[in-house]
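Novice: Would you be able to build a 3D model of this:
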Amino acid sequence: MRLQRISMLSLPNILTLSRIFAVPLLVFLLWPSVNGSIIQPTVMDYALAYGLYCLMGFTDYIDGYLARAQGAVSKLGQFLDPIADKIMIAAVILLLVFTQDITGWHVIAALIILIREIAVSGLREFLAGLQVSVPVSDLAKWKTTAQLFAFGGIILAGALPGWGWLKDASLALLWISAILTLVTGWSYLRVGLRHMD
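Specialist: Numbers count the residues shown, from 1 in each chain. Next up, the predicted model:
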């Protein structure tokens, strides 16, 4: 029992939990409302949100690295890590659409990413019940990297309003991420369909 408690409170698990608990703070920083009147977040709000977003991304990398390096991969960590990632991405997408940093056709790219995250989670849960593991492909890792940089760039563009090119480049990267999302999502779906027949 003692060993189990130690493993549940390992540093990688604490870092994963910190990402989940940081999401409400991120929402608070970018929430475009003061006294009920809708206003755009300030440059400082965006700057603080960008710093927090980068910190969350760093903990995502470091908790996995530490878990593998220390041989501290736990069932709790395997359960929480994808949940933390999806909560973070979903919150950022909803916020950036709400603040109108993502508008028009670009909302479709964001929705593709959001729908894929939900669908793949359900598919992984279904396959886990069949004891079928679906390893993360290299292309899926590139997809994750692209979307993290895309959303980070959009938030940073709010802190640097004079850098219009940064917003444009980040939105272009968002579409690249959405395309990679479709490709990797189809790969996972094909595996799932083979076990649904």
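
Novice: longest helix of the protein?
Specialist: Counting residues, the longest helix in the chain under DSSP state H turns out to be helix 164-196.

Novice: residues in contact with stretch 149-160?
Specialist: 30, 41, 43-47, 49-50, 53-54, 57, 89, 92-93, 96, 99, 101-102, 163-164, 166-167, 169-171, 173-174, 176-177 (Cβ atoms under 8 Å, 6 or more residues apart in numbering). In this view, the C-beta of every residue, glycine as well, is placed from N, C-alpha and C.

Novice: can we see that at 6 Å?
Specialist: Outside stretch 149-160, the residues that touch it by Cβ atoms under 6 Å, 6 or more residues apart in numbering are 43, 46-47, 49-50, 53, 92, 96, 101, 166-167, 170, 173-174, 177.

Novice: quick one: buried residues of it?
Specialist: Buried positions in stretch 149-160, judged by neighbour count with 16 or more other Cβ atoms under 10 Å: 149, 150, 151, 152, 153, 154, 155, 156, 157, 158, 159.

Novice: Tell me the pLDDT of residue 69.
Specialist: Note for residue 69: predicted pLDDT of 68.

Novice: so how far is residue 83 from the residue nearest to the spatial centre of the chain?
Specialist: The chain has residue 89 as the residue nearest its centroid, 3.1 Å off, counting by Cα atoms, centre = their mean. The spacing between residue 89 and residue 83, counted by Cβ to Cβ, to the nearest Å, is 11 Å.

Novice: need the helices for the protein, in chain order.
Specialist: Counting by DSSP H, the helices of the chain are 2-8, 11-30, 43-69, 75-98, 106-129, 138-159, 164-196.

Novice: Please identify the deepest-packed of those.
Specialist: Of all the helices of the chain, helix 138-159 has the most neighbours on average by mean count of other Cβ atoms under 10 Å, namely a mean of 20.

Novice: Pick out the shakiest of the helices of the chain, pLDDT-wise.
Specialist: Of all the helices of the chain, mean pLDDT reaches its minimum on helix 2-8 (a mean of 48).

Novice: Do you know the pLDDT at residue 35?
Specialist: At residue 35, pLDDT is 50.

Novice: relative to helix 75-98, how tilted is the longest helix of the chain?
Specialist: Counting by axes from the mean of the first three to the mean of the last three Cα atoms, to 10 degrees, helix 164-196 lies at 130 degrees to helix 75-98.

Novice: Check which helices and strands helix 164-196 is in contact with.
Specialist: helix 106-129, helix 138-159 (3 or more Cβ pairs under 6 Å, 6 or more residues apart in numbering; DSSP states H and E).

Novice: thought residue 106 was touching residue 171?
Specialist: Yes - between residue 106 and residue 171 there is a contact under Cβ atoms under 6 Å: 5.3 Å.
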